[in-house]
Each structure stands twice: as structure tokens, then as C-alpha cells.
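[1] Sequence below, structure please.
(2 chains)
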Amino acid sequence: MNRIAQGLTLVLLGAAALTATVPTDLYLNWVKPAFQPFLIAAGLVMVVLGVWLVVAELRGEAAEADHDHGGHAGNDAAVAEAYGHGGDHGHDHSTAPRVAWLLLLPVLAVFVVAPPALGSYTVQNTATESAAPPERERSGQFDDGLVEASEGEVVPLELRQFVMRAWIDEDRLLAERTVELTGFAVPADDGGWYLARLQMACCAADAVVNKVLIDDVPAPEADSWWTVRGTWVEPEGELYDVNEHRFSVTELEEVTDPPDPYE
Amino acid sequence: MSERTTPHHTHGSEPPPGDPFVPEREGELPPDDWGRRRSGRRTGTVWLFAALITAMAVTHAWFSDQFTGPAFLTWATIFTAICFQALPFLVFGVALSAALTAFVPASAYQRFIPRKASRAVPVAGLSGALLPGCECASVPIAGSLIRRGVAPAAALTFLLAAPSINPIVMIATAVAFAGQPEMVLARFVASLLAAVVIGWIWVRFGRTEWLRLPSRQPVPGESKWRVFRESMVHDMMHAGGYLVVGGLAAATINVMVPREWLLTVAGMPIVSVLVLALLAILLSICSEADAFVALSLTDFSPTAKLAFMVVGPVVDLKLIAMQAGVFGWRFTVRFVPLCLVVALAATFLIGGLLL
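    Okay, here's the model as predicted:
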């Protein structure tokens, strides 16, 4: 890989990072929202570095090739093109290995495929399910505002928060409360469907599933997004032993994809 | 492409040094075969990228609807996610390592880092706790430390310790395992122990010729900014290219391995630890996120989860590929098994004592 190719690869990679963050929200499909400033900074650094390398390559070579024409050197690519690699002063140490061409793959991914957020395929096939925390830390860690909300008020909860309540709240404060959840539909094996949402810590590779089972409304199309209102179906016996959290729907409304598909 | 049409009147009167293929010039335009090999290659490179960009635009416009297979899209999402999650850390690490190379004189290291390698190792291990970054940043930084004369064993200890015990990782672990401070402590102690022991083993048995030392040596009198640029480009190309290799492998594993397989072994005491260590290697999750994934593997014992968090930052596919890119395969085939064995031993020891 010669130096022009290295420079152009860096520019394209930087452009891909910037395209995914500034004019579009593509990056939200892959990483946490907090990554935006870092991705922008990294993208800018790569574009600048790539341009710097290309310019220095063209200009530097040209100037060193022929000092008589130093004034012309670096006008544009054409000048250096004419000089060629005249100043053959040992830049071979800085050719990059072939593997560096692979840096174009993320560029292709962004500009050609534009991978969508993970959805029902991941829930059904690969992702780990969220888990109840161990017994000894099961108190006073709800961040969902259920207690603060007045009786009879509809409480909007993240699926993560709902599942946490359903799993570890021994006081069962969730019972009989109307809550509102938003997520995407995933067909379940036995007729019902799941309303699911992926929770991620850093990027899509570590996504963990939170889901509730719904069986009193017909299953919508997989991956369509819904806001549902309804109540928790209180399970018999120990909460901790429950493996499916059930939800009874009173109201159901389709939503366009929320801007951040993850929690 | 403007360079095609510009007259070549700026040609020098003398053939550029080192280039025997200067054509005779007749009239304004050079003959068709004027292009020298490298110059032609440069034009070719520009055309290649122009063709690539056009092809991307065409594919995006006409064929992007064809990409509908859920397995492929899931794979593509995870691959892209790994790359873009690592990218800021990589750029940060590469820039910091280039700055260390270009602007910090070698004498500065000798003042802070003990000359004797066996004493430098624990210092390097503890200073790993200071760098907020993940493994993608630490590989190029370790490369530049070796380049500046730091003992390889100390630089390697830093390479292992920095992604394992830095403040962000420790905070993430504390958040994930809220209410289990012993898990946070176990992670810190086991990771630091593993990094230092590996460093000492390297002091005793390691050979410098296994390391393909980073090729770029600053030339005296060269402008510092030029050194900075060259070092940064060099590391981006080597570490970045292999990061993509690691991302490809990790995304493939992530999509292909059903999680149910794991549950069948979760109950077995030693096997479960080994399985989670293997999973950490294959998934290549960033060390700042692995605690959350470890937490979600509820069926496994605390020691197995500890193995996931101790092994992941020191050995994983992405890291192996990047180490091969920066230090060469001769080094990597020796270093990676050593890291794995010592990290597992530290896990069993500390897990047995604390968890």
C-alpha cells in the first residue's frame, strides 16, 4: 500500500465516521450516544491526517525532486504527478502492509450496507438475555420513578426498568400499575410475541436483551416498533424463578423507530 | 481528474535522483510512456480510489435493498459496531503514542522508569491504572514505549495492565457489579497480578529478537511534526488493519455461536471458567464493556465471570491481531499463550481467595 493509498484510506475512514455521526444518526445503530463527540473527533483527526499525508507526499517529493522549481512545487497534484517520485529518498520504510486495505471494510459497511440496529433476529438467535442481579443487592436500586408517580398515573418505563422490577422487587410495587413500554416485536414460539429492547453497555457486540411476553393481542410483524400500555401479569411464587415476564396489554400503538434503538 | 490534463511543463531539467526511466521530452507533452513506475502507480492509486468511491455510490443507490438477510445484517452491524467503538480509542492511542515518540525525549523515560527491568515491571503495571482507554489504545502506546528504550517487559506489562485496571474499567465494573465490591477488588488484583507476573516472566525468558520493533526510528534533525505524522500513520495502518481482522472474527463468532451452548456447561466448576475465558477471547468485547456482559452470564460462577473479565482485556481476537500487526507474529505466538496461562492462573488463585 503506497502512501497516497494510505492517505486516501484515512480520509475515507474519517469521512465514514463523520457521515455516521454528523448528517445522520447511523452511529446510534452501533454504539452508545455518548460516543458521538469521540467519533467526530476521531473522524476529523483521520481526515486531517490523511490529507496531510497526501499533501506532504505530493509536495515534499516535488520540492525535493527539483529545487529549481521549488516555487511550483505543491501547487496541486498535477505538479507532483509530473515530478513523479523523483525524490526517491527511501520512503519505502513507510509503505503499509496489505492488511491495511481492510480499513476500507468499515468504509464499505457505512456507505454501502449502512447496517441497521440489531432486532428480532438477534433476540431470537444470539443475544444474551438480561439477568436478575444477585440476591444480596436487591434493594433501593430502582431508577424508574414508579414510586414517585401518583396512583393511577401511567408510568413510562424502559423495558430494562420493567424487567428489573418484575424480577427483583419483592414488594411487588409494579402490580396493578398501568405502565407504558416501547420496543420492537419479536415472534414467540407459542403464539404470543415479545416486546423487546436491547440494552447495550458500549457497542452492539455487547447487547443484552430485555423482553416481555404478550399473549392477549395478536402478534404484529417482526421488528415493527410499538408503544404498549398495560399491566404486569403478576406471577405465582418466587419472582426470582420467573423466566418469562408477562404483560397484559390494554392499549397498543405503532411508533416509527425511536431515534435511539437501544436502552 | 485534473492531473491528467495539466501540461507537464514543470518537469525538471535533470532527471530526479534514483529514477532511471526519465523519458526524452519532445514538445509540450511527454510521450505516452512517460510515466515512471512509481508515478504511474500513484496515478493508479488515485484512479483506484475514484473507482472505489463510484462503485460504493452505485452499489448504495441500486443494490442496498438487496442486503436483507437478517443474519448478514446482524453480522454487519456487529462488525461495524466493533470497528467504530474501537476507532476513537485507536486514534487516541495512536496519537498519544506518536506524541510520545515525537515530542518526549528518551531521557524523560529513564528518569521515571527504573532502569532495572524487574523493578520497572511493577511500576509499569501500576501506571496502567492511569491510562483511561481500552486495549485498542494500549497496543500502539506499548510499541512507542519500546521504541523509546523502555524495557520490553515493562512496556508489555503496561500493555496488559492499562486496559485491565484503568479507572474507567474499574468504574464500569463497580457499576455492573453494584453491591459486590469483592468482584471489583478481585478483578483489580487478578489483572494486576497477571500483568506483573507476565512482565517478570518476560524479563527472565523473553528475547528481544522475537519483537519486530516498530520500524520507524526518528532521524536526528527531522522535523518533530513529521515524526509525529509518520508514527501516527504507521501505527494506524498496522494496528488499524489488524483491528479490522479482529472485528471480522469477533462479529462472525458473535453471530454464529448460539448462547444456549453456554448454558449446558455453566454448572461444571473448572470447565465453566475455561469456557468463559474462551468466550472472552472470541467475543473481543471492549474491556470497558465486558463487566456488563459478564454480569448477564448469570448461570456461571463468580470465578468464571472473573475469568471473563481478566482474560478478555489481555487476550482476545482483536488484540491478537493488533499485536501481530505491531510486534510481529514471532512475538505473538509466544506472548499470547503466556498471557492466557498466567491470566487463568491468576483468576483461579484470586477467585479462590476472594470470591
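
[2] Low-confidence ranges, the stretch 1-150 of chain A, go.
    The stretch 1-150 of chain A contains residues with pLDDT under 70 at A:61-94, A:127, A:131-141.

[3] And the helices in it?
    Applying DSSP state H, counting those that start in this stretch to the stretch 1-150 of chain A gives helices spanning A:3-21, A:36-65, A:77-83, A:104-108, A:120-125.

[4] Adding mean neighbour count and distance to B:P337, write these out as JSON lines.
    Where C-beta positions appear, they are placed from N, C-alpha and C, glycine not excepted. As requested, the helices of the stretch 1-150 of chain A are exported to JSON lines (neighbours: other Cβ atoms under 10 Å in any protein chain shown; distance: least, Cβ to Cβ, whole Å):
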{"stretch": "helix A:3-21", "mean neighbour count": "24", "distance to B:P337": "32"}
{"stretch": "helix A:36-65", "mean neighbour count": "20", "distance to B:P337": "33"}
{"stretch": "helix A:77-83", "mean neighbour count": "24", "distance to B:P337": "48"}
{"stretch": "helix A:104-108", "mean neighbour count": "21", "distance to B:P337": "29"}
{"stretch": "helix A:120-125", "mean neighbour count": "20", "distance to B:P337": "32"}
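
[5] which one of those lies closest to B:I113?
    Nearest to B:I113 among the helices of the stretch 1-150 of chain A is helix A:36-65 (28.1 Å), distances taken as Cβ to Cβ.

[6] quick check: domain ranges of chain A?
    Following automatic domain parsing, one finds the domains of chain A at A:3-113, A:120-255.

[7] list the contacts for residue 41?
    I went with chain A, as the question did not name one. Shown in contact with A:A41 (Cβ atoms under 8 Å, 6 or more residues apart in numbering or on different chains): B:P88, B:V91.

[8] Chain B is the one I meant
    Contacts of B:R41 by Cβ under 8 Å, 6+ apart are A:N2.

[9] and it, helix, strand or coil?
    helix (DSSP: H, G, I helix; E, B strand; the rest coil).

[10] Please report the distance of it from A:W101.
    The gap separating B:R41 from A:W101 is 15 Å, by Cβ to Cβ, to the nearest Å.

[11] Relative to chain A, how far out is B:L248?
    From B:L248 across to chain A, the span is 7 Å (Cβ to the nearest Cβ, to the nearest Å).

[12] Is that residue in contact with A:P106, as I believe?
    No. Contact status for B:L248 versus A:P106: not in contact, 10.3 Å apart, counting by Cβ atoms under 8 Å.

[13] any residues in contact with both of these two?
    Joint contacts of B:L248 and A:P106 (Cβ under 8 Å, 6+ apart) are B:F79.

[14] Confirm B:P163 sits in a helix?
    Yes. Counting by three-state DSSP, B:P163 is part of a helix.

[15] separation between it and A:A185?
    Computed as Cβ to Cβ, the B:P163 to A:A185 distance reads 38 Å.

[16] So between those two, which is more surrounded?
    Shown here are B:P163 and A:A185; by other Cβ atoms under 10 Å in any protein chain shown, B:P163 has more neighbours (30 against 23).

[17] how close does that one get to chain A?
    Separation of B:P163 from chain A (Cβ to the nearest Cβ): 13 Å.

[18] For the spatially most central residue of chain A, give me its contacts.
    Chain A has A:W30 as the residue nearest its centroid, 2.0 Å off, counting by Cα atoms, centre = their mean. Residues counted as contacts of A:W30 (Cβ under 8 Å, 6+ apart) are A:A20, A:P115, A:C203, A:A204, B:T77, B:T80, B:A81, B:F84, B:Q85.

[19] need the residues you listed in CSV with distance to A:A56 and secondary structure, can you?
    Output for the contacts of A:W30, formatted as CSV (distance: Cβ to Cβ, whole Å; DSSP: H, G, I helix; E, B strand; the rest coil):
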residue, distance to A:A56, secondary structure
A:A20, 27, helix
A:P115, 34, coil
A:C203, 34, strand
A:A204, 37, helix
B:T77, 36, helix
B:T80, 30, helix
B:A81, 33, helix
B:F84, 27, helix
B:Q85, 30, helix
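
[20] Pick out the lowest-pLDDT one from the residues you listed.
    By pLDDT, A:C203 ranks lowest within the contacts of A:W30, coming in at 82.

[21] which residues does it contact?
    A:W30, A:V31, A:K32, B:A81, B:I82, B:F84, B:Q85, B:C286, B:A289.

[22] now do A:V113
    By Cβ under 8 Å, 6+ apart, the contact set of A:V113 is B:S64, B:F67, B:L73, B:A76, B:T80.

[23] just the buried members of these?
    Neighbour counting by 16 or more other Cβ atoms under 10 Å in any protein chain shown classes B:L73, B:A76, B:T80 among these as buried.

[24] can I assume the second one sits in a helix?
    Yes. Secondary structure assignment places B:A76 in a helix (three-state DSSP).

[25] Can you name the residues that contact it?
    Per Cβ under 8 Å, 6+ apart, neighbours of B:A76: A:A109, A:V113, A:P115, B:F67, B:A251.

[26] what sits against the residue of the stretch 151-263 of chain A found nearest chain B?
    Closest residue of the stretch 151-263 of chain A to chain B, Cβ to the nearest Cβ: A:C202 (3.2 Å). Neighbouring residues of A:C202 by Cβ under 8 Å, 6+ apart: A:V31, A:K32, B:Q85, B:I285, B:C286, B:E288, B:A289, B:F292.

[27] And B:I82, by the same measure?
    A:C203, A:A205, B:G246, B:G247, B:A250, B:A251, B:S284, B:K318.

[28] Please repeat the previous calculation with a cut-off of 6 Å.
    Residues in contact with B:I82 (Cβ atoms under 6 Å, 6 or more residues apart in numbering or on different chains) are A:A205, B:G247, B:A250.

[29] could you check the angle helix A:3-21 makes with whichever helix or strand the second one is part of?
    B:G247 belongs to helix B:224-256 when elements are defined using DSSP states H and E. Calculated by axes from the mean of the first three to the mean of the last three Cα atoms, to 10 degrees, helix B:224-256 forms an angle of 60 degrees with helix A:3-21.

[30] Pull the residues that contact the worst-scoring helix or strand of chain B on mean pLDDT.
    Counting by mean pLDDT, DSSP states H and E, chain B has its least confident helix or strand at helix B:260-265, which shows a mean of 74. For helix B:260-265, contacts defined as Cβ under 6 Å, 6+ apart pick out B:V271, B:S272, B:V275, B:D299.

[31] thought the second one was touching B:T303?
    No. Contact between B:S272 and B:T303 fails when scored by Cβ atoms under 6 Å: they sit 8.4 Å apart.

[32] Pick the one among the contacts of B:I82 closest to A:Q6.
    For the contacts of B:I82, the nearest to A:Q6 is B:G247 (19.4 Å; Cβ to Cβ).

[33] Now do the strands in chain A.
    Here chain A has its strands, by DSSP state E, at A:128-129, A:155-156, A:179-187, A:193-199, A:208-214, A:225-232, A:246-255.

[34] Give me the sheet partners of the longest one and which way each runs.
    Same thing as strand A:246-255. Here strand A:246-255 is paired, per DSSP bridges, with strand A:208-214 (parallel), strand A:225-232 (antiparallel).

[35] Report pLDDT for B:R212.
    B:R212 is assigned a predicted lDDT (pLDDT) of 80.

[36] Got phi/psi on the residue lying closest to it once chain neighbours are set aside?
    Leaving aside its sequence neighbours, B:R212 sits nearest to B:G328 (Cβ to Cβ, 6 or more residues apart in numbering or on different chains; 3.1 Å). In terms of degrees, to the nearest 10, the main-chain angles of B:G328 are phi 100, psi 160.
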